[in-house]
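Colleague: Below are the sequence and a predicted model for it; my questions follow.
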Amino acid sequence: MSNLIAWIIRAVPFGTIIMYGAMGEILTEKSGNLNLGVPGIMYLGGFAGFASAFYYENNAAAPNAFVCVLLSFVCCVAASMLGGLIYSFLTITLRANQNVTGLALTTFGMGIANFFGVFILNGKSYTAAPLANSAYAHKIPFLSGLGVVGQTVFGYGFLVYGAIVLAVALHIFLNRTRAGLNLRAVGENPATADAAGISVTRYKYLATCIGAGISGIGGMYYVLDYNSGIWATTGQIEALGWLAVALVIFTTWRPLNAIWGAYLFGMLYWLYQFLPSLLGFTVASYVTDLIQMVPYVVTIVVLIISSLHRKKENQPPAHLGLAYFREER
């Protein structure tokens, strides 16, 4: 029982990281833009959030936790949206290839974050923002101490619950509001949407930039909460970014599915660590490597099944990844 609880406690924060990345990409792809720069955007958001919190904590005479959270959150979203704006300008205005641009953005985001991270590390192996970490990781008072339920349900920072609320809000926006329906129309058939008086360019820009801002929160959550407020130039954020992209396909572009899908991915990812205790014997190292592939394998299976059934609601937006030329309308 204790191993199961530990497994859940490990999986939920991990799932939250990729849930933010996936929700941002779902919003982006609903507009018809395929942004493979999610890992780079998560890097930008994670670094911007950490750097602002770090400098505030080390330069303010009496740093305040609320100001630290507000500053890091604003900087994270701003940096991530800037990455989304760069992608939007290249793919929407200049009509560059979306796949190539997204991959370039991933490399750019990683490079920028690691380059400026060198100045913060200043020869150290890592450095931390403890005040920001304590604020983001602060558990719900009283409820988190209610035994097993408190640990597994209420024992997390506020961004975990914010991700769930955001998924519900995004579902309502896409399915119950005029703006959401217009956005989906742009992703399905931009020429028809344009003829109906919907500004295709505006919707694409807004969806891509806001989606990038949401994805960036996942990177910030990784650094300031999941990784104990420590910045280290590792490739973990990139791996999580690709998992977020895989989660978009797994959820069949539905925000509500991202909730349970992200937690399932989290449990599958950490299965290799808890499998020996569940089975009662040690697992060979090559087997653990195979187990870590499970989330990607599951995504491929879902993609095959949805392709075979060809249900409209399980398919990506019809104009996904394609540039819109108004002159051809």
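Modeller: Thanks, I have it.

Colleague: What mean pLDDT does stretch 165-179 get?
Modeller: Averaging pLDDT along stretch 165-179 yields 96.

Colleague: Please work out which residues outside it touch it.
Modeller: The contact list for stretch 165-179, computed with C-beta atoms under 8 Å, 6 or more residues apart in numbering, reads 19-20, 23, 26-27, 30, 180-181, 183-184, 214, 254-256, 258-259. Glycine gets a C-beta too; all of them are placed from N, C-alpha and C.

Colleague: Next, count neighbours for Leu264.
Modeller: The number of residues packed near Leu264 is 17, by other C-beta atoms under 10 Å.

Colleague: List the contacts of it.
Modeller: Gly15.

Colleague: Can you name the next helix or strand after the helix or strand harbouring Ala79?
Modeller: Element membership for Ala79 (DSSP states H and E) is helix 65-88. Per DSSP H and E, the first helix or strand lying C-terminal to helix 65-88 is helix 98-121.

Colleague: from the chain's centre, how far out does that following helix sit?
Modeller: For helix 98-121, the separation from the chain centroid amounts to 16 Å (computed by C-alpha atoms, centre = their mean, to the nearest Å).

Colleague: and the angle for it with helix 65-88?
Modeller: Orientation of helix 98-121 against helix 65-88 (axes from the mean of the first three to the mean of the last three C-alpha atoms, to 10 degrees) gives an angle of 150 degrees.

Colleague: which residues in the stretch 201-329 of the chain form helices?
Modeller: Along the stretch 201-329 of the chain, counting by DSSP state H, counting those that start in this stretch, helices occupy 236-250, 255-269, 271-279, 285-291, 294-309.

Colleague: follow-up on the earlier one: go through the helix holding Ala79 and flag the buried ones.
Modeller: 68-69, 71-73, 75-84, 86-88 (16 or more other C-beta atoms under 10 Å).

Colleague: and if you look at stretch 306-326?
Modeller: 306, 316-317, 319-321, 324.

Colleague: ok, Gly15 - how many residues close by?
Modeller: When neighbours are counted by other C-beta under 10 Å, Gly15 registers 28.

Colleague: helix or strand for it, which one?
Modeller: According to DSSP H and E, Gly15 maps onto helix 2-30.

Colleague: Report the buried residues of that helix.
Modeller: Under the neighbour-count criterion of 16+ other C-beta under 10 Å, helix 2-30 has 6-8, 10-30 buried.

Colleague: so where's this protein uncertain?
Modeller: Regions of the chain meeting the criterion pLDDT under 70 cover residues 1, 123, 125, 143-146, 233-234, 275-287, 309, 327-329.

Colleague: before we move on, back to that, between the contacts of stretch 165-179, which is closest to Ala129?
Modeller: The nearest member of the contacts of stretch 165-179 to Ala129, counting by C-beta to C-beta, is Tyr20 at 19.0 Å.

Colleague: which residues touch that closest one?
Modeller: 159, 163, 166, 214-215, 217-218, 221, 244.

Colleague: Which two of those have the greatest separation?
Modeller: The most widely separated members of the contacts of Tyr20, counting by C-beta to C-beta, are Leu159 and Ala244 (14.9 Å).

Colleague: quick one: which of the two has more around it?
Modeller: Neighbour count, other C-beta under 10 Å: between Leu159 and Ala244, Ala244 has more, with 29 against 24.

Colleague: Pull the contacting residues for that one.
Modeller: Contacts of Ala244 were listed using C-beta under 8 Å, 6+ apart, and they are 17-22, 25, 38-39, 42, 215, 218.

Colleague: As TSV, those residues with distance to Asn97 would be great.
Modeller: Listed next are those as TSV, based on distance: C-beta to C-beta, whole Å:
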residue	distance to Asn97
Ile17	28
Ile18	26
Met19	28
Tyr20	26
Gly21	22
Ala22	23
Glu25	18
Val38	17
Pro39	18
Met42	22
Ser215	20
Gly218	25
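
Colleague: Give me the distance from stretch 313-327 to the chain's centre.
Modeller: When C-alpha coordinates are averaged (C-alpha atoms, centre = their mean), stretch 313-327 and its chain have centres 22 Å apart.

Colleague: Now for the closest residue to Ile8 other than its chain neighbours: which residues touch it?
Modeller: Leaving aside its sequence neighbours, Ile8 sits nearest to Thr152 (C-beta to C-beta, 6 or more residues apart in numbering; 5.0 Å). The neighbours of Thr152, taking C-beta under 8 Å, 6+ apart as the test, are 5, 8-9, 12.
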